[in-house]
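Peer 1: Just need the structure, nothing else, for what follows:
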Amino acid sequence: MRLLADRDATIAEQARLIERLVGQVEQLSDKVAELDRRLGQDSSNSSRPSSSDSPYSKKKARPRSSRTSTGRPKGKQPGAAGTTRAMVDDPDEIHTIDPSLCGDRGFPLAGAPRVTTRRHQIVEPPRPPHPYVVEYRIVTRVCPCCAARTEGMAPVGLAGRLVFGPRMLARAAWLLCGHYLPVRRAAAILSVMVGATVSAGWTGGVRARAARLLQDAFLPHVRTLIAAAPVAHADETTARADGALHYVHVAATDYLTVPHTGDRTAAAIDAGGIWPAFTGVLMRDGYNGYTHLTQALHAWCGAHTLRDPRSIHDGDPDGQLWAEAMATTLLDAHHAACDARDAAQSALAPEVVALIRNHYRGALARGETANHGDRSSLAHDARTLIRRMRREEDMISDSSST
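Peer 2: Take a look at the predicted model:
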């Protein structure tokens with residue numbers, strides 16, 4: 001009997017050990033799955049900026065474009081007018097290549113009739129010019145009555161005995177700010193372009209001067225234009241500024257962009273001087289920091305809206321089919337809106353809106369069922385996204401249908 005009791009106790013202890021080990025395996029499996037999901041995230045399926053994507057480990061993205069092929073061949077289409085580079089009529093140099101002897105018999109060709117002349121041109125950059133120097137000679141004269149000395153008034157910008165003029169400053173700013181060149185490289189290019197030797201310190205100072213001019217004179221005007229625009233886009237991303245990690249807040253239209261740095265609070269968003277005065281359509285992502293801007297009509301960015309379900313679906317393609325169905329529904333709404341605009345319609349037909357709404361809510365319901373009771377990190381993120389998309393259904397569906 002004692003042997004049977006010891007055997008039962010051993011079996012019970014082994015059962016408890018197996019149960020504990022199974023629980024640990026399940027926990028570790030969940031952690032491995034979550035780590036794999038995080039490793040698979042990049043700028044296409046998360047909020048990470050594209051600069052964080054590794055050029056060595058990033059896998060080739062699957063085709064995700066909603067565009068369809070027109071069936072036309074690539075390149076210039078049949079019947080389209082061709083273009084070619086035109087020759088100039090007044091070249092700087094002309095070299096005439098005239099044969100002196102017959103290529104067949106060797107007879108001299110001096111005075112022989114000319115049949116054709118074929119033109120060829122080679123385009124070259126000009127030789128580095130000498131700097132264009134303007135000298136101001138400021139005269140001082142003595143009054144014959146009171147013997148007072150009076151000096152001629154120097155022009156604006158003549159702060160020293162030898163300075164670079166506004167055109168030189170403009171070219172340096174163009175290289176530094178327009179082409180993002182390092183200061184030493186910009187200084188070397190300036191020496192070749194204009195024939196004047198400048199230092200890297202002077203080139204770096206030009207960038208600071210340009211920034212002050214933009215801050216004081218140009219940016220206030222751009223902020224006013226964006227604030228008065230009918231549609232503008234807001235976004236934020238991380239970047240290093242002033243030796244620390246900050247958020248870069250961006251306000252933009254099709255042609256204008258104004259960034260500023262700060263944290264993610266509502267006060268930092270308003271510090272850009274645009275959104276408190278904006279009353280148009282604010283295209284943004286799902287960040288709650290913009291909800292205090294009640295005077296604007298909010299719309300969710302389609303790229304952000306599609307990226308969130310994509311992140312959930314990529315984590316478990318077989319278990320998160322609702323996310324793919326949601327993305328398909330949003331794209332169908334967008335295509336329906338494009339077709340309606342092409343047909344000169346001002347709104348979607350009621351039956352089309354009802355169908356889109358039905359598919360939208362059906363995808364959310366399926367997602368709630370698929371993730372009910374699941375304690376994994378992916379399921380938690382899915383439930384969070386489902387609650388947000390259910391709460392913001394009107395804004396998301398209206399944005400996808402415009």
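Peer 1: from here on, contacts and neighbour counts on C-alpha atoms
Peer 2: Noted.
Peer 1: Checking my notes, H246 in a strand, right?
Peer 2: Yes. Counting by DSSP: H, G, I helix; E, B strand; the rest coil, H246 is found in a strand.
Peer 1: give me the element H260 is part of.
Peer 2: strand 257-262 (DSSP states H and E).
Peer 1: which element follows that strand toward the C-terminus?
Peer 2: Later in the chain than strand 257-262, the nearest helix or strand by DSSP H and E is helix 266-270.
Peer 1: What segments of the stretch 101-250 of the chain are strands?
Peer 2: Here the stretch 101-250 of the chain has its strands, by DSSP state E, counting those that start in this stretch, at 140-142, 149-151, 231-241, 244-252.
Peer 1: Would you tell me which of those strands gets closest to P350?
Peer 2: Across those, P350 has its closest neighbour in strand 231-241 (25.7 Å, C-alpha to C-alpha).
Peer 1: Identify the residues contacting the closest one?
Peer 2: For strand 231-241, contacts defined as C-alpha atoms under 8 Å, 6 or more residues apart in numbering pick out 49, 226, 245-253, 261, 280-285.
Peer 1: any weak-confidence spans in the protein?
Peer 2: 1-5, 40-72, 75-77, 79, 82, 157, 398-402 (pLDDT under 70).
Peer 1: Regarding it, what is its longest helix?
Peer 2: Using DSSP state H, we find that the single longest helix of the chain is helix 2-39.
Peer 1: Show me what that one is packed up against.
Peer 2: Secondary-structure packing of helix 2-39 (3 or more C-alpha pairs under 8 Å, 6 or more residues apart in numbering; DSSP states H and E): no helix or strand packs against it.
Peer 1: If we go by neighbour counts, what in that helix is buried?
Peer 2: Across helix 2-39, burial judged by 16 or more other C-alpha atoms under 10 Å covers D30, A33, E34, R37.
Peer 1: could you redo the residues you listed as CSV and give each row distance to T328?
Peer 2: Output for the buried residues of helix 2-39, formatted as CSV (distance: C-alpha to C-alpha, whole Å):
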residue, distance to T328
D30, 28
A33, 26
E34, 25
R37, 22
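Peer 1: Pick out whichever of the residues you listed sits closest to Q121.
Peer 2: R37 (58.7 Å).
Peer 1: Quick one: residues contacting that closest one.
Peer 2: D314, G315.
Peer 1: What of H249?
Peer 2: A234, D235, E236, T237, P259, H260, T261, G262, I269, G272.
Peer 1: and the spatially closest residue to it that is not a sequence neighbour, how many neighbours?
Peer 2: Distances taken as C-alpha to C-alpha, 6 or more residues apart in numbering place E236 nearest to H249, at 4.5 Å, with adjacent residues excluded. Neighbour count of E236, defined by other C-alpha atoms under 10 Å: 22.
Peer 1: Also the one 10 residues further on?
Peer 2: H246 sits with 17 neighbouring residues when counted by other C-alpha under 10 Å.
Peer 1: which residues does it form a beta bridge with?
Peer 2: With DSSP bridges as the criterion, H246 is bridged to A239.
Peer 1: hang on, it packs against T265?
Peer 2: No. H246 lies out of contact with T265 (C-alpha atoms under 8 Å); the separation is 11.8 Å.
Peer 1: can you give me the helices in the stretch 301-402 of the chain?
Peer 2: Assigned helices in the stretch 301-402 of the chain, in chain order: 302-315, 321-342, 350-371, 377-391, 393-400 (criterion: DSSP state H, counting those that start in this stretch).
Peer 1: D98: which of these is closest?
Peer 2: The closest of the helices of the stretch 301-402 of the chain to D98 is helix 321-342. By C-alpha to C-alpha, the value is 62.2 Å.
Peer 1: What residues sit buried inside that closest one?
Peer 2: Result for helix 321-342 [16+ other C-alpha under 10 Å]: buried residues 321-338, 340.
Peer 1: Is H260 in contact with D270, as I believe?
Peer 2: No. Using C-alpha under 8 Å, H260 is not in contact with D270, being 10.2 Å away.
Peer 1: how about stretch 274-290 as PDB, C-alpha atoms only?
Peer 2: C-alpha atoms of stretch 274-290 as PDB (Å, rounded to 0.1, in the frame of the first residue of the first chain):
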ATOM      1  CA  ILE A 274      -1.100  77.300 -37.000                       C
ATOM      2  CA  TRP A 275      -3.600  74.900 -35.600                       C
ATOM      3  CA  PRO A 276      -5.300  77.200 -33.000                       C
ATOM      4  CA  ALA A 277      -6.400  79.400 -36.000                       C
ATOM      5  CA  PHE A 278      -7.100  76.600 -38.400                       C
ATOM      6  CA  THR A 279     -10.800  76.100 -39.300                       C
ATOM      7  CA  GLY A 280     -10.600  73.800 -42.400                       C
ATOM      8  CA  VAL A 281     -10.300  70.000 -42.700                       C
ATOM      9  CA  LEU A 282      -7.500  68.700 -40.500                       C
ATOM     10  CA  MET A 283      -6.000  65.500 -42.000                       C
ATOM     11  CA  ARG A 284      -4.300  63.600 -39.200                       C
ATOM     12  CA  ASP A 285      -3.600  60.200 -37.600                       C
ATOM     13  CA  GLY A 286      -5.300  58.700 -34.600                       C
ATOM     14  CA  TYR A 287      -3.200  60.600 -32.000                       C
ATOM     15  CA  ASN A 288      -5.400  62.100 -29.300                       C
ATOM     16  CA  GLY A 289      -3.200  65.200 -29.000                       C
ATOM     17  CA  TYR A 290      -5.200  66.900 -31.800                       C
END
